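> here's my sequence, what's the structure:
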Amino acid sequence: MNKILTLCALFPLVAVAQPSDIIGVYKSKEARQFQLRINADNTVDALMATGTYTAKDKNISLQFGTGNSFRVVKTQGTTDQLTLTFKEADINMFDPRFLYIGYENSKGEIVYESAYNKLQGQDDYTIEIPRTDNLYLVNAYGVAITGDKKTAVIIEEYFIGKNTSGVEITFDTENSVRNELQATYNPEKQTLTLNDKSLSSNPIVFSKVLANDAQALQPVATEKVKQWKHLIAFDEEKDIPEFNPEKKALSTLKQANSLSAALAAAKKNNRLVALLYQPNNKNATKEFKELFEWYEQNGETVLTDPYLFELYLATAKELKSLKAKGLTNEDQLIILTSEGEVIYHEPATIAQVLADETLEYNHTGLLRTAAKASLADRVLSNPKAPLKEVVKVLIALSNYTQDPDVQLLLAARPKTGDAETDEDKQATIDYQLENLITYYKKPENLYRLQLTPEQLIAQWKRVVAAHKADAKLDTDFALLASLNVEINDNFFTKTFYLNYEPTIADLEAGAYLLRFFKEIKAHNDALKDIGDYTYIQRIDKGYIAFNTAAVERTLKACYDLDKATLPEVKKAYAEGIKNGALSSLDYIDFLYNQDLTTDAAMAFDTYFKNLMATDSNLIAALDNDFTNNNPENSWRYYKMLFANRANNIAWKVYEDQPNNKALMAEAYRWAKAAVQLEPKSPYYLDTLAHLMFAHGDKKEAVATEEKAVSLLSQDEDGNAEQKEEIKKNLIKMKQGL
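Predicted structure coming up:
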């Protein structure tokens, strides 16, 4: 194979009267990375590099300067935003971590966003930003190549106008060719041929792939910026900030002029206050300005609000009142809730807070947890607290934000009654804390939860009882119920690290979700573009997601603890079936698994008769049901499940209700249906033989049981004991027993 050198590595070569049809884009099969674009104004682009050319007869001289990183062409968008569609070049080096997009906000300021989150993993590489007069495209590949964040990025400014609704952007990393090339043009074949031994031992032929490319925009300005402040350290960050042009516009960070103003802002924005108490720091004002600027750029969270804290520097007048709260007279960082309660403090100058990045989101897990603990104590310890506040706190304790659980900050850990279990739980918690407290100089100063399990359960029961008779969906309560429908992973277990024993309140909460299933679906469907957000952001926006299987597990657990709840469980299933959350087969399986034979048989009888009403032929009836309900399973698996269910319930009736003639007659039909679908199952044949025998068809029963025995050698599902039992059954039937 002949070796072809990358054209970026070339040194300058030479270009002359222009053939009229030379304008266009040329590509070569041999040098796939290389593209030539001949423009009408005697300019030429290669690998997105721009230069000039001259042409005389068939000889073309191409002279390149510093190239453009991007090719930008206006298109037609479909929304009131500016749609950017990135087209990947013919190379396999496209990486959105090193692309940034800039646009002008309403104040005329340039806002830069990383393209990473919106382009990552997409097939069409499409993103939307606010419309803008000037589009700024940033090539940060130099940083990636050198590994040095001081390396200059290349910012290209394109004037597109606010009336532009879409642009198509092609990016190629090979963007800085400075060469002069000699080419020969063939007007008949529409080719350019490079004859240069430093490129290849053979000529490189470029064929025209696109005619006049005059519609491509040219940047109005290009600049190189070193140590660009908008760069994201992808090699260091665990949580990449989302691309959300509205985020900073909706939620800003401002310096308050008093502590009361900072607390008010924290309450409004649902944040904490990071109070810098600096009685001995002569550089406090300067250091605070530096910290504030750093936090504006680096304080982003994974939540909808980009900031967790309001930052405030205590004034000289406020120092005295803070001392009255028992704080020592030393420079320190104090974390307050919006209610003004201290949930943590540690000795630190502002410079130390900045150097340690104490307020960086990934370092503040236990501060967020301490804030929840404080809120829980304030609200849930009050048996008459407003229900809306209680719901808010219970949602927080459900911990959908995936902060460290409140159980890590219990003032007194409830005992299970088993010393070994308690010791194991404490060891697990200590291990988790060990990895989290490294960010805190004084972890003992973190707020500790005082709430008791009894107080928490009492508040949960209060909330559920208040919504039992709801005629309309309450979305806040539905969200709370959905987050806690999994009783082994709910707010109680996350708060106390104890096993949770469900109550009637849990059954009623699950029933609520089934009763309002249609309304919940309509509510979720009305949330715009909800699929574009992370799980946490979806919940923040009110998305109510729950697993109906988890609701069923709750219903079952409640029935297991208290058999008297059966009427309520049946009612919940009826609501779920009516609203499409559950199927009648889910209900039948529940009854069967709880050994409620009569109920299961009657429910299956209704299902079977409804099925056969659609077609007297069993296979045709099942096919209708399979087609209309669009099950996820294959037809083969669907048929097998039906046969298994029909057989099992028929056998249950034979065992538990042998004197119920009506049910026994129906069980006989179900057993026949099972064998019709699975004629080579010795176990289904055994069931049918027993029902035949009970029905008086003893001769046919013996023949059926003989067939079952003959098929045992081919069966791979049953165990030796089951197979031996069938053989014994045949002997008994032959004896008339």
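
> could you use CA atoms for every contact and neighbour count after this?
Noted.

> domains in this protein, by residue range?
With domains defined by the TED database, the chain comprises 70-226, 259-359, 421-556, 572-735.

> as CSV, the ones you listed with distance to residue 371 would be great.
Below are the domains of the chain laid out as CSV (distance: least, C-alpha to C-alpha, whole Å):
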stretch, distance to residue 371
domain 70-226, 30
domain 259-359, 7
domain 421-556, 8
domain 572-735, 37
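
> could you export the ones you listed as TSV, including distance to residue 401 and mean neighbour count?
As requested, the domains of the chain are arranged in TSV below (distance: least, C-alpha to C-alpha, whole Å; neighbours: other C-alpha atoms under 10 Å):
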stretch	distance to residue 401	mean neighbour count
domain 70-226	19	17
domain 259-359	8	18
domain 421-556	6	18
domain 572-735	27	17
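
> can you list contacts of the strand or helix carrying residue 556?
In this assignment (DSSP states H and E), residue 556 forms part of helix 548-561. With contacts defined as C-alpha atoms under 8 Å, 6 or more residues apart in numbering, helix 548-561 is touched by 485-487, 502-504, 506-507, 510-511, 565-566, 569, 581-582, 590.

> cross these against helices and list the overlap.
Judged by DSSP state H, helices contain the following of the contacts of helix 548-561: 504, 506, 507, 510, 511, 566, 569, 590.

> the fourth one and residue 400, how far apart?
Which is residue 510. Distance of residue 510 to residue 400, computed by C-alpha to C-alpha, to the nearest Å: 18 Å.

> repeat for residue 605
Distance, residue 605 to residue 400, by C-alpha to C-alpha: 42 Å.

> got the contact list for residue 348?
331, 332, 333.

> for those, which one is nearest residue 436?
Closest to residue 436 out of these is residue 333 (18.1 Å), distances taken as C-alpha to C-alpha.

> so the closest one sits in a strand?
Yes - assigned with DSSP: H, G, I helix; E, B strand; the rest coil, residue 333 falls within a strand.

> quick one, phi/psi of the nearest residue to it once chain neighbours are set aside?
Nearest residue to residue 333, sequence neighbours excluded (C-alpha to C-alpha, 6 or more residues apart in numbering): residue 276, at 5.0 Å. Main-chain dihedrals, residue 276, degrees, to the nearest 10: phi -100, psi 110.

> residue 276 and residue 322 touch, don't they?
No - with contact defined as C-alpha atoms under 8 Å, residue 276 does not reach residue 322; the gap is 11.2 Å.

> what about the helices in the stretch 551-700 of the chain?
Counting by DSSP state H, counting those that start in this stretch, one finds helices in the stretch 551-700 of the chain at the ranges 566-578, 584-593, 597-614, 618-629, 635-656, 661-677, 682-695, 698-711.

> can you put those in CSV and add mean pLDDT and distance to residue 219?
Shown next, in CSV, are the helices of the stretch 551-700 of the chain (pLDDT from 0 to 100; distance: least, C-alpha to C-alpha, whole Å):
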stretch, mean pLDDT, distance to residue 219
helix 566-578, 95, 60
helix 584-593, 94, 63
helix 597-614, 94, 68
helix 618-629, 84, 56
helix 635-656, 92, 59
helix 661-677, 94, 71
helix 682-695, 94, 77
helix 698-711, 92, 79
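
> out of those, which comes closest to residue 204?
That would be helix 635-656 among the helices of the stretch 551-700 of the chain, by C-alpha to C-alpha, at 57.6 Å.

> what residue ranges in the stretch 251-400 of the chain score low on pLDDT?
Scanning the stretch 251-400 of the chain for pLDDT under 70 picks out the ranges 251, 301-305, 324-325.

> contact partners of stretch 423-436?
Residues external to stretch 423-436 that are found in contact with it (C-alpha under 8 Å, 6+ apart): 363, 365, 366, 408, 497.

> meant to ask about stretch 573-586
With C-alpha under 8 Å, 6+ apart, stretch 573-586 has contacts from 511, 514, 515, 516, 517, 518, 548, 587, 603, 604, 607.

> ranking the contacts of stretch 423-436 by neighbours, who comes first?
residue 366 (25 neighbours; other C-alpha atoms under 10 Å).

> can you give me the helices in the stretch 101-250 of the chain?
Per DSSP H, counting those that start in this stretch, the stretch 101-250 of the chain carries helices over the ranges 116-119, 141-146, 247-250.

> confidence-wise, which of the ones you listed is weakest overall?
Per-stretch mean pLDDT for those is lowest at helix 247-250 (a mean of 46).

> may I have the helix or strand that that helix is followed by as CSV, with CA atoms only?
Next in sequence after helix 247-250, counting helices and strands by DSSP H and E, comes helix 259-269. Written as CSV, here are the backbone C-alpha positions of helix 259-269 (Å, rounded to 0.1, in the frame of the first residue of the first chain):
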residue,chain,number,x,y,z
LEU,A,259,-28.1,38.8,56.3
SER,A,260,-31.9,39.1,56.4
ALA,A,261,-31.9,39.8,52.6
ALA,A,262,-29.7,36.7,52.1
LEU,A,263,-32.1,34.6,54.1
ALA,A,264,-35.0,35.9,52.2
ALA,A,265,-33.3,35.1,48.9
ALA,A,266,-32.5,31.6,50.2
LYS,A,267,-36.2,31.1,51.1
LYS,A,268,-37.3,32.4,47.7
ASN,A,269,-34.8,30.2,45.7
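
> and helix 259-269, what does it pack against?
Judged by 3 or more C-alpha pairs under 8 Å, 6 or more residues apart in numbering; DSSP states H and E, the packing partners of helix 259-269 are strand 272-277, strand 309-313.

> relative to residue 160, which of the ones you listed is closest?
strand 309-313 (37.6 Å).

> give me the outermost residue of the chain relative to its centroid.
residue 735 (64.7 Å; C-alpha atoms, centre = their mean).

> how much space between it and residue 693?
Per C-alpha to C-alpha, residue 735 is found 12 Å from residue 693.

> what helix or strand is residue 721 on?
In this assignment (DSSP H and E), residue 721 forms part of helix 720-734.

> what helices or strands is that helix leaning on?
By 3+ C-alpha pairs under 8 Å, 6+ apart, helix 720-734 packs against helix 682-695, helix 698-711.

> a markdown table for those helices, including distance to residue 553?
Formatted as a markdown table, the helices and strands packed on helix 720-734 follow (distance: least, C-alpha to C-alpha, whole Å):
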| stretch | distance to residue 553 |
| --- | --- |
| helix 682-695 | 29 |
| helix 698-711 | 36 |
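
> ok, which of those helices comes nearest residue 722?
helix 682-695 (8.7 Å).
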